[in-house]
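[1] output the structure for:
(3 chains, ligands or ions: 5)
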Amino acid sequence: MDFLQNLDPTVQFILFSVVKIGVVFGVTMSFVAYSVLVERKVSAWIQDRVGPNRTAPPMAQFVPILGPFLTRLGIFQPMADGLKFLLKEDFTPSYVRKVYFWIAPAIAVIPAFLTLAVIPFGSTLGNPGNKMVIADLDVGILYTFGIVSLGVYGIVLAGYAANSKYPFLGGIRSSAQMISYEIAMGMSVVSVFLLVGDLNLSKVIEYQAHGGWLVFKQPLAFFIFLVAAFAETNRLPFDLPESESELVGGYHTEYSSMKFALFFLGEYANMIASSAMMVTLFFGGWTLPFIGDPASGLLGGLLHIGIFVAKMCAFMVLFIWVRWMFPRFRYDQLMDLGWRRFIPLALANILVTALVVAFVNR
Amino acid sequence: MSTKVVERKPLTAWERSYVPSILGGLGVTWKHFKRTAPFLGNKPITMEYPEQKWVVPEGYRGAPYLVKDQDGATKCVSCQLCEFVCPPKAIRITPPGAEGQPADRANAEKMPLEFEINMLRCIFCGLCQEVCPEEAIFLQKDYSLTGVSREEMVYDKEKLLKLGGTHAGVQKWKHKLEEAAEQETFPVETAAATEATK
Amino acid sequence: MSATATLPAPAAVPPPPPETVTVKVNGKTVQVPKTMPNWQGKPEPTTMLQAARVAGVEIPHYCYHDKLPVAGNCRMCLVECGTPMMGPDRKPVLNEDGTPKIARSVLPYEPGTPRGVIACATPISPGMEIYADSPATHQMREAVLESLLINHPLDCPICDQAGECKLQEYSVEHGQAESRFVEAKVHKPKAVDLGPRIILDDERCILCTRCIRFTKDIVNDDALGIVNRGSYNTISAFPGKAFDNNYTLNTVDLCPVGALTSKDFRFKMRVWFLKETSSVCTSCGTGCNITVGAREGVIHRFEPRSNDAVNGPWMCDSGRLNYKWIGRADRLREVRIGGRRSNWSTALREISGKLSTAPAGSVAIVASARQTNEELYLLKRLATRLGAITDSIVREGEADGLLVSADRNPNSNGVRLTGMAYTEAGIQLPKIAAGIAAGTIRSLIVFGEDVTAHGLDAGLLAKLDLLVVSDVLPNPTTEAATHLLPGAAPVEKRGTLVNTKGRLQKFNKAVEAPGDARPEVEFLQELVEAVAGPIGTATIEGLFNRMTAEIAGFGGVQWAAVGDTGITLSL
Ligand code: SF4
Ligand code: SF4
Ligand code: SF4
Ligand code: SF4
Ligand code: FES
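    Ligands and ions are numbered 1, 2, ... in the order given. Model prediction:
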């Protein structure tokens, strides 16, 4: 510790940042892997099934009780899945546009991870200067929206590069869908920032720690943001870009092996990022109604991180749960909902909030 | 044919907001989740196949096999009716011909030289069992037939008889033989009758 | 036999319109000739069964057969009938509406009880009414079938007749569904060896005596009879007399049930699997009409096909069993050039190349009288173009006075008509031999014959530049061939033949030729067109029509006019 304290602040900052990036990245990756498992398990339970319950490394059967128990829970399934993705033949069809075909999966994943950079996932750890956010940007939310809008390129590119009709249709659908809902999403947060008066996400949390969670003050904004998040992550009921029953696999029809896995990774990373955003913007981030101050010790810091992760998990489960409740929207319904309902609603919300801020809060 | 026009009530604004259906949906899925998830209900309705197996009900139509009678004799007499009736042409019988091996039973005169069922073609319709005049083929309870090659899935006579086991029946050929042996008045000595009296 | 199996008498003057009798069958009035040919073709009073046939009604029967003397012992053909009633004044009694009153088979000694009569042996009389569908008729049929089934073993699953058994058919159509018989059945000898080709199962016999009448009256071989009495009635060959004439297998066809079965066909295949093709027997010059029974490319049996102009409903055993060579393992199935495997296009190109440049008179062709007219015609075209010397080979045996002809070639007349041999076949062979020996004949084409057995020995053949041989089975000639072209057996192709009496008949393809083998017409046509120019037709029908138009002897007959039973040419 002393050794760390004695370091030059810049070096210290770089060091901590690198560690934070590494940890966040690693945690997110395993989070993705296990959210796939959770998705499969929860889906199974909702459908009265058991879900993955076989895969186990050879040794697992020799561990009494715990081995079979974990196997039954499917704990080892994500490892097997990952291994499978790595070992499968990476097939590139002859008719695709090779360069775009290769970079599309990367473009789909990167933005999802970049968004996480500005999310404060805890208060402080160790010393007060050590904020639990990778980049404590003053324009955090703008950055987020800027990055999120990049995500669509991966999908559009994949659809275009595959040079085949179903991916192409998937790509087109997704570009229209994501652009439409980004507008609603962006507008819904405007009202939040009208209230908070700052674009820094840490400030948003600070505001909520004292002024109560924004979800209570801005329920409409939250609702619009939530729905838009579903659309942005291509989750049911808005999974039109990959709707299996219509488009085979949508934009990733022609992909296999690790390249396919990257799209998969991207989708789940997006879910995580969206959940984190919602927690931060509307559910007080790492705070709870009675825990509002930045932690002073290591333990408190960890607790805050735990609170954040727990809230995030709740949203993840919501994502999964909703999947089994809705049929897929029709394309025209989707567009109608985005443009004719949510955008006017969000605008009205901004107007009302602005008036309230201007005349009441003043 | 009559058509009944069902009137569709217009949705109220509340209904159109999706909210009631969302809540209903949450309720339904939650109910199932609660019933199935471990530590909650823990009662999945699915069966874990290789460990747990269905109890095959009486009259189930599984794979068709040949049976033997209670004396261990092949019942099939190679009448080829099953071959004829089989809709997907799964059965292929090679008749014995005049010089072929005689039947296991003295007076049944013939039995198939080869009897093959291609289990990949069989649709388990049961017509072969239905048509067999000798009660020699039965659809039994095997439903999980596997093999690693097409050839392996063509079951030959030996295999079919082994899998089929015994089916105790009327034994009409034996009965006929006994009847003939009892008949003391017939003036012509028959080979079969002599054998039966032995 | 000799009486039945002849050509129809040459009709010089049209016969006078036959005298007719009016009868009613199932309420339908029909005019029936007063007499009809009996089994020997002689006119005899028309029977009720024949009259019903004229009206389109088939009366079930076992013992009756068109070509056998009437026995009237099975009683299956019992029908109810009625005749106009006669008053004491010998005038017909009339109903109130003026129609004649019909007496329904009332017998004089038991007035009022209707009786059936056997349709096969009862002549018709004017005004007679036949009730082939009345309840009484049905009852009688049911009763007859029930009595026939009393001791019947119900062996159908192991009975070769099943599927074409009249007892099965009539039981389904006219019998009862349930058996009322509870006593033990009488058991009789089974699988009795009756002769070299016949197996008898006495339990299945319904004692119709068709077999006995056939062998006695048609073949004049009084070999079979009935022994024992009552329920123990049994068909048997006379002691010390084998049932082994050359026509025994006809009794298998005749036997309405599975009592007489063929040893050759025994347990070989169920009849319902057999694909039946109309064909002609090629074992002798008579050209009996046959039906080929084959399943999946394997021939299982030949059966006679009824043709009164040739064979009646019969055929000889030797012809019937002469099919096994078709499936022999050593069939020629490869095109060979100089003994090495080749293919059709190469072989035909080489042959046509050599023939096209052959000087006139340097080619000889030995055709076979087993070939079809179309093949011979193509060979003739080739011979004309090449100026070739041609011949074919005689094959003689002994005539048996029934069906088997002394000429064992099926198409001797075709060879003569197409001009492949002069009036006498075989007289050019020594000339060909001399030509080869002298070196003037350099090329020889042989179709379907082993010329080494007919004066052209292997030494001579070795002198040739080109020896084209087409055959079905290997022999010394095929071994010497420079170009060997595998041909097709008659059941593997289509074509026409002319029998010894000038009957032009066609036969159809029942199975595929093995390996590379092709019907001769196909490759001959290619060869002839390459050497002698296009013929202008690609089908066998077109070829036939061209041949009959070109060769006067065929009298311009069109393929379509030949029909299933052929057409007689005036030779
Ligand atoms: S069960 Fe049906 S399909 Fe299978 S062998 Fe029997 S008849 Fe053929
Ligand atoms: S199994 Fe029965 S129906 Fe099939 S051939 Fe044998 S006896 Fe005939
Ligand atoms: S004769 Fe006819 S009825 Fe009798 S066993 Fe043979 S097939 Fe069956
Ligand atoms: S063996 Fe056949 S043909 Fe001869 S009497 Fe008996 S049933 Fe008739
Ligand atoms: S057919 Fe008339 S009695 Fe036999």
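[2] look up how far ligand 5 lies from the residue of the stretch 401-550 of chain C found nearest ligand 3.
    Taking Cβ to the nearest ligand atom as the measure, the stretch 401-550 of chain C has residue C:510 as its residue closest to ligand 3, at 25.0 Å. All C-beta spots, glycine's among them, are computed from the backbone N, C-alpha and C. Residue C:510 is 33 Å from ligand 5, where distance means Cβ to the nearest ligand atom, to the nearest Å.
[3] that residue should be in a strand, yeah?
    No: applying DSSP: H, G, I helix; E, B strand; the rest coil, one finds residue C:510 to be coil, outside a strand.
[4] was I right about it contacting residue C:295?
    No: in this structure residue C:510 lies outside contact range of residue C:295 using Cβ atoms under 8 Å: 10.3 Å.
[5] shared neighbours, the two?
    Listed as contacting both residue C:510 and residue C:295 by Cβ atoms under 8 Å, 6 or more residues apart in numbering or on different chains are residue C:275.
[6] show me which of these two is the more surrounded one.
    residue C:510 (26 against 16; other Cβ atoms under 10 Å in any protein chain shown).
[7] does the closest residue to residue A:182 other than its chain neighbours belong to a helix, a strand or coil?
    In space, and not counting its chain neighbours, residue A:182 is closest to residue A:149: 5.8 Å by Cβ to Cβ, 6 or more residues apart in numbering or on different chains. When classified by three-state DSSP, residue A:149 comes out as helix.
[8] ok, residue A:149 - how many residues close by?
    By other Cβ under 10 Å, the residues close to residue A:149 number 15.
[9] show me the residues around the residue of the stretch 401-550 of chain C closest to ligand 3 that make contact.
    Residue C:510 neighbours (Cβ under 8 Å, 6+ apart): C:275, C:277, C:279, C:292, C:294, C:299, C:491, C:492.
[10] how much space separates it from residue A:302?
    From residue C:510 across to residue A:302, the span is 90 Å (Cβ to Cβ, to the nearest Å).
[11] which residues in chain B form helices?
    For chain B, helices defined by DSSP state H occupy the ranges B:13-16, B:19-36, B:81-85, B:127-131, B:157-164, B:172-182, B:191-197.
[12] mean confidence (pLDDT) on the last one, please.
    If you average the pLDDT over helix B:191-197, you get 47.
[13] same question for the shortest one.
    Per-residue confidence for helix B:13-16 averages out to 82 on the pLDDT scale.
[14] centre of the chain to it, how far?
    Distance of helix B:13-16 from its chain centroid, counting by Cα atoms, centre = their mean, to the nearest Å, is 55 Å.
[15] helices or strands up against that helix?
    If you count contacts as 3 or more Cβ pairs under 8 Å, 6 or more residues apart in numbering or on different chains; DSSP states H and E, helix B:13-16 packs onto no helix or strand.
[16] what do you get for the fifth one?
    In terms of contacts (3+ Cβ pairs under 8 Å, 6+ apart), helix B:157-164 is packed against strand B:64-66, strand B:114-118.
[17] try 6 Å
    Judged by 3 or more Cβ pairs under 6 Å, 6 or more residues apart in numbering or on different chains; DSSP states H and E, helix B:157-164 is in contact with strand B:64-66.
[18] does any bit of the strand it packs on sit next to ligand 1?
    Yes: using Cβ under 6 Å from any ligand atom, we find that strand B:64-66 touches ligand 1 at residue B:64.
[19] burial measure for residue A:184, as a count.
    If you count neighbours by other Cβ under 10 Å, residue A:184 ends up with 24.
[20] all helices for the stretch 201-350 of chain A, in order.
    Counting by DSSP state H, counting those that start in this stretch, the stretch 201-350 of chain A has helices at residues A:201-211, A:214-217, A:219-232, A:244-247, A:257-282, A:298-323, A:331-335, A:343-355.
[21] okay, domains of chain B per the record?
    When chain B is parsed with automatic domain parsing, its domains come out as B:15-46, B:64-172.
[22] determine which stretch of those domains is the most buried.
    With neighbours defined as mean count of other Cβ atoms under 10 Å in any protein chain shown, the domains of chain B peak in mean count at domain B:64-172, which reaches a mean of 18.
[23] mean pLDDT lowest where, among the domains of chain B?
    Of all these, mean pLDDT reaches its minimum on domain B:15-46 (a mean of 83).
[24] before we move on, back to that, quick one, phi/psi of the residue of the stretch 401-550 of chain C closest to ligand 3?
    Here is the backbone geometry of residue C:510 (degrees, to the nearest 10): phi -100, psi -40.
[25] do you know how far it is from residue C:323?
    Distance of residue C:510 to residue C:323, given as Cβ to Cβ: 10 Å.
[26] next: residue C:503.
    Plainly put, residue C:503 is 22 Å away from residue C:323 if you go by Cβ to Cβ.
[27] same check on residue C:434?
    Distance, residue C:434 to residue C:323, by Cβ to Cβ: 39 Å.
[28] neighbour-wise, which of these two wins?
    Between residue C:434 and residue C:323, residue C:323 has the larger neighbour count (other Cβ under 10 Å), namely 23 against 13.
[29] which residue packs closest to the more buried one, ignoring adjacent ones?
    Spatially, and ignoring its direct neighbours in sequence, residue C:323 is nearest to residue C:299 (5.1 Å; Cβ to Cβ, 6+ apart).
[30] swap in residue C:548?
    residue C:554 (3.7 Å).
[31] what's the first-to-last distance across stretch C:302-309?
    Stretch C:302-309 stretches 19 Å from its first residue to its last (Cα to Cα, to the nearest Å).
[32] which residues does that stretch contact?
    With contact meaning Cβ atoms under 6 Å, 6 or more residues apart in numbering or on different chains, stretch C:302-309 is reached by C:7, C:289, C:290, C:291, C:313, C:314, C:315, C:320, C:323, C:565.
[33] and that stretch, which residues are buried?
    C:302, C:303, C:304, C:305, C:307, C:308, C:309 (16 or more other Cβ atoms under 10 Å in any protein chain shown).
[34] let's have those residues in JSON lines, adding pLDDT, distance to ligand 2 and secondary structure.
    JSON lines is the format used below for the buried residues of stretch C:302-309 (pLDDT from 0 to 100; distance: Cβ to the nearest ligand atom, whole Å; DSSP: H, G, I helix; E, B strand; the rest coil):
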{"residue": "C:302", "pLDDT": "96", "distance to ligand 2": "26", "secondary structure": "strand"}
{"residue": "C:303", "pLDDT": "96", "distance to ligand 2": "24", "secondary structure": "strand"}
{"residue": "C:304", "pLDDT": "96", "distance to ligand 2": "29", "secondary structure": "strand"}
{"residue": "C:305", "pLDDT": "95", "distance to ligand 2": "30", "secondary structure": "coil"}
{"residue": "C:307", "pLDDT": "94", "distance to ligand 2": "36", "secondary structure": "strand"}
{"residue": "C:308", "pLDDT": "92", "distance to ligand 2": "39", "secondary structure": "coil"}
{"residue": "C:309", "pLDDT": "92", "distance to ligand 2": "41", "secondary structure": "coil"}
